[in-house]
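S.K.: Sequence plus the predicted model coming up.
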Amino acid sequence: QVQLVESGGGLVQPGGSLRLSCAASGLTFSNYCMGWFRQAPGKERELVAAINRIGSTTYYGDAVKGRFTISRDNAKNTVNLQMNSLKPEDTAVYYCAADRRSIIATMARFYDYWGQGTQVTVSS
């Protein structure tokens with residue numbers, strides 16, 4: 001049974017930082033590209049960042065380039081999202097997702113497994 005469990009969300013002031021983590025189990029983690037998506041109320045789910053199987057290639061959405069960093073540790077079956085210079089528009093539920101294909105996909109429909117999500121709220 002595949003499980004993706006996110007942690008690290010919370011309330012932070014504008015300009016602050018948060019680090020999200022996703023712990024994976026029940027799958028061969030190094031065989032999956034990993035992505036972080038987010039969904040705000042009334043909006044579609046969007047890809048924030050993604051990383052390939054070995055961590056050599058990353059993708060960032062335009063809204064977070066230069067502020068967010070994705071990384072993975074295949075020995076620990078974890079993928080992290082470091083979020084700096086947070087803005088109110090970053091407020092959303094953040095989801096970890098796994099894609100068994102070998103190249104990074106930007107569309108949610110290509111991802112095979114999803115976590116339950118963690119709330120990030122950026123507000124003063």
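M.R.: Right, received. Where do you want to start? Source: prediction; values computed, not measured.
S.K.: what sits against Thr69?
M.R.: Contacts for Thr69 (C-beta atoms under 8 Å, 6 or more residues apart in numbering) come out as 49, 81-82, 84. Bear in mind the C-beta positions are built from the backbone N, C-alpha and C, glycine included.
S.K.: cutoff 6 Å now
M.R.: Gln82 (C-beta atoms under 6 Å, 6 or more residues apart in numbering).
S.K.: Likewise for Ser85?
M.R.: Ser85 touches Arg67, counting by C-beta under 6 Å, 6+ apart.
S.K.: And Leu86, by the same measure?
M.R.: Leu86 neighbours (C-beta under 6 Å, 6+ apart): 12, 16, 122.
S.K.: Assign it to helix, strand or coil.
M.R.: Following DSSP: H, G, I helix; E, B strand; the rest coil, Leu86 is assigned to coil.
S.K.: Could you pull up phi and psi at Leu4?
M.R.: Main-chain dihedrals, Leu4, degrees, to the nearest 10: phi -120, psi 120.
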